[in-house]
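Enquirer: Got a predicted structure plus its sequence, pasted below:
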Amino acid sequence: MATLSLRRARTIIRKTFDAGQAAGMKPLSVCVLDAGGNVLAFERGDGASPGRFQIAQGKAYGAVMLGMPGSAQKARAESEAFFIACANGALGGQLIPVPGGILVRDAKGRVLGSIGVTGDTSDNDAAAGKAGIEAVGLVAEI
């Protein structure tokens with residue numbers, strides 16, 4: 001079974017921060033989860049608000065547990081709010097169904113885990129996270 005290593009998770013975070021800084025984004029926070037929804041790594045950027053762990057983890061958790069990125073969750077919430085509400089209840093109220101929750105796949109399409117990025121607009125969060133994932137040679141599903 002393919003896995004996401006701690007070393008790669010930390011590199012994803014660093015490269016996500018680099019992308020955010022290069023684009024002039026607000027301070028980001030990034031949470032990386034394995035394929036089972038367990039936290040591998042988290043960092044809160046300097047100047048980021050203290051509640052960012054819960055938001056980043058919620059974005060990542062929804063992506064890996066539902067098998068769909070935050071952008072797809074947002075679309076689903078807009079078209080079928082009852083589904084996201086029920087899924088959120090079933091998953092302990094941990095979903096943050098907006099862009100910035102990103103599935104991490106290998107070249108064969110297997111889900112290795114997910115990341116949650118927060119701190120700027122949701123679309124900017126997703127763009128920075130995509131850059132971080134691709135920097136380590138993996139595929140980002142945003």
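Expert: Noted; the coordinates are in hand.
Enquirer: Can you tell me the SS state at Ser49?
Expert: Three-state assignment for Ser49 (DSSP: H, G, I helix; E, B strand; the rest coil): coil.
Enquirer: Please list all residues in contact with the residue nearest in space to the middle of the chain.
Expert: Nearest to the geometric centre of the chain sits Gly116, at 2.2 Å (C-alpha atoms, centre = their mean). Residues in contact with Gly116 (C-beta atoms under 8 Å, 6 or more residues apart in numbering) are 30-31, 33, 55-61, 63, 70, 96, 100-102, 129. Backbone N, C-alpha and C define where each C-beta goes, glycine included.
Enquirer: one more time with 6 Å, if that's ok
Expert: Cys31, Ala56, Gln57, Lys59, Ala60, Gly101 (C-beta atoms under 6 Å, 6 or more residues apart in numbering).
Enquirer: out of those residues, which are inside helices?
Expert: When DSSP state H defines the helices, the subset of the contacts of Gly116 inside them is Ala56, Gln57, Lys59, Ala60.
Enquirer: which one of these is nearest Gly109?
Expert: Ala60 (18.8 Å; C-beta to C-beta).
Enquirer: helices and strands around the lengthiest helix in the chain, which ones?
Expert: The helix spanning the most residues in the chain, taking DSSP H as the definition, is helix 6-22. Contacts defined by 3 or more C-beta pairs under 6 Å, 6 or more residues apart in numbering; DSSP states H and E place helix 6-22 against strand 29-34, strand 39-44, helix 122-135.
Enquirer: Mind giving me the packing neighbours of the longest one?
Expert: It stands for helix 122-135. On a contact count with 3+ C-beta pairs under 6 Å, 6+ apart, helix 122-135 meets helix 6-22, strand 111-118, strand 139-141.
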